[in-house]
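**Q** how would this look folded up:
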Amino acid sequence: MSSANFSLASKVKLPSGKLMPQIQLGLYLMSRREASTAVRWALAAGYRGFDSAQMYRNEKEAGHAIRNFLANPEENTEGLTRQDIFFTSKLASSSTSYQAVRRSIRQSVDACGLGYIDLFLLHSPYGGREARLTSWRAVEDAIDDGEVKSGGISNYGVAHIEELMVSEPRIPPSVNQIEVHPFNTRTDIRAACAKYGIVVEAYAPLARAMRMKHPTIIKLSKKYSCTPAQLMVRWSLQHGLVPLPKSAKRERLLENVQVGGFQISNEDMEEMDDLDEYLVTDWDPTDAP
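**A** Below is the predicted model:
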């Protein structure tokens with residue numbers, strides 16, 4: 001368990017050598033307008049990492065909001081530059097066509113307008129072995145060409161991770177982004193990632209608010225004088241995960257990440273771990289063939 005005093009300034013080092021914010025704003029299920037507004041609010045609040053995807057259809061708006069913020073000295077009082085921001089996107093669907101994937105990555109870089117993408121992920125293992133390995137080669141080459149700084153995978157199960165690593169990739173994945181929270185702990189996938197030094201990003205770290213009223217969550221929130229959301233974000237951080245809490249509401253954006261004022265004890269971390277019920281809040285491609 002980490003005793004770190006986590007904040008929006010906390011960073012993790014990726015296998016690629018790049019530093020990545022340890023708490024980021026997830027942009028899933030945000031409309032274009034919501035993403036544009038939420039990114040601006042989040043930047044003002046101290047967020048430096050933003051998680052988008054081709055499937056979210058808000059790469060353009062998120063990138064535009066970042067560029068506008070950086071260019072406006074009244075908002076950007078710290079004098080931040082593009083290098084201070086960490087932007088993630090994901091390939092909508094893996095393909096056996098190398099050229100199609102390369103083209104798709106370039107389209108994402110163009111759409112966000114940020115010059116490059118800090119982290120580009122294969123969004124899911126769907127498509128089969130050949131599509132997965134071909135798509136990864138395209139990510140490697142996008143890194144070589146400067147379009148992408150680090151590459152990774154998303155929703156990869158243990159078998160998919162092993163398949164990729166056995167193929168001896170020229171550039172290993174830096175990240176696997178999966179659903180992780182106390183009600184779906186994915187210890188098997190996390191162990192496979194740890195084996196290869198892959199950082200785990202936790203999407204839906206708040207279990208999409210489906211368990212905020214769970215008795216254990218309520219009890220521990222009261223014990224630590226925090227909100228259920230803060231408790232769950234802190235659980236992710238103490239497990240060494242990179243949580244991506246999503247909110248399009250300004251006050252929640254701020255509140256969710258105020259997690260530096262308390263530390264969950266080992267005993268209470270274990271009690272939260274024991275809440276695991278394999279709760280899938282959206283989709284679960286981790287056993288795709």
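**Q** which parts of stretch 122-138 are buried?
**A** Neighbour-count burial for stretch 122-138 flags 122-125, 127, 131-132, 134-138 (criterion: 16 or more other C-beta atoms under 10 Å). In this view, the C-beta of every residue, glycine as well, is placed from N, C-alpha and C.
**Q** between those, which sits nearest Glu251?
**A** Distance to Glu251, by C-beta to C-beta, is smallest for His123 among the buried residues of stretch 122-138, at 30.1 Å.
**Q** what's opposite the nearest residue to that closest one once chain neighbours are set aside in the beta bridge?
**A** Counting by C-beta to C-beta, 6 or more residues apart in numbering, His123 lies nearest to Lys90, which is 3.9 Å off, once chain neighbours are set aside. For Lys90, the beta-bridge partners are Leu121 (DSSP bridges).
**Q** list the contacts for Lys90?
**A** Shown in contact with Lys90 (C-beta atoms under 8 Å, 6 or more residues apart in numbering): 52-55, 120-123, 154, 177.
**Q** for those, which one is nearest Ile143?
**A** Phe120 (8.3 Å).
**Q** all helices for the stretch 101-250 of the chain, in order.
**A** 129-144, 158-166, 187-195, 215-223, 228-238, 250-255 (DSSP state H, counting those that start in this stretch).
**Q** of the ones you listed, which is nearest Asn266?
**A** Closest to Asn266 of the helices of the stretch 101-250 of the chain is helix 228-238 (C-beta to C-beta; 9.3 Å).
**Q** give me the residues contacting that closest one.
**A** Residues outside helix 228-238 that contact it (C-beta under 8 Å, 6+ apart) are 1-2, 4, 6, 10, 22-23, 180-182, 202, 205-207, 212-213, 217-218, 220-221, 224, 226, 242-243, 245, 252, 255-259, 262-264, 269, 272.
**Q** if any of those residues are buried, put those into a PyMOL selection.
**A** The PyMOL selection below is limited to those of the contacts of helix 228-238 classed as buried (16+ other C-beta under 10 Å):
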select buried, resi 6+10+22+23+180+181+182+202+205+206+207+212+217+220+221+224+226+242+243+245+252+255+256+257+258+259+263+264+269+272
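**Q** the helix or strand of the chain with the lowest mean pLDDT: how far from the chain's middle?
**A** Ranking every helix and strand in the chain by mean pLDDT, DSSP states H and E puts helix 250-255 at the bottom, with a mean of 92. Counting by C-alpha atoms, centre = their mean, to the nearest Å, helix 250-255 is centred 18 Å from the centre of its parent chain.
**Q** go on, stretch 274-289?
**A** Remark: stretch 274-289 is offset 17 Å from the chain centroid, using C-alpha atoms, centre = their mean.
**Q** and it, end to end?
**A** End-to-end distance of stretch 274-289: 29 Å, with C-alpha to C-alpha, to the nearest Å as the criterion.
**Q** returning to that earlier point: next SSE downstream of the least confident helix or strand of the chain?
**A** Sequence-wise, the next helix or strand downstream of helix 250-255 (DSSP states H and E) is helix 266-273.
**Q** list the helices and strands that following helix packs on?
**A** The contact analysis (3 or more C-beta pairs under 8 Å, 6 or more residues apart in numbering; DSSP states H and E) places helix 266-273 against helix 215-223, helix 228-238.
**Q** pick the most deeply packed of the ones you listed.
**A** For these, the largest average neighbour count (mean count of other C-beta atoms under 10 Å) is found in helix 228-238, namely a mean of 24.
**Q** same question for that one, mean pLDDT?
**A** The predicted model assigns helix 228-238 a mean pLDDT of 97.
**Q** stretch 279-289 now?
**A** Here the average pLDDT along stretch 279-289 is 93.
**Q** what about Ile105, neighbour count?
**A** Around Ile105 there are 25 other residues, counting by other C-beta atoms under 10 Å.
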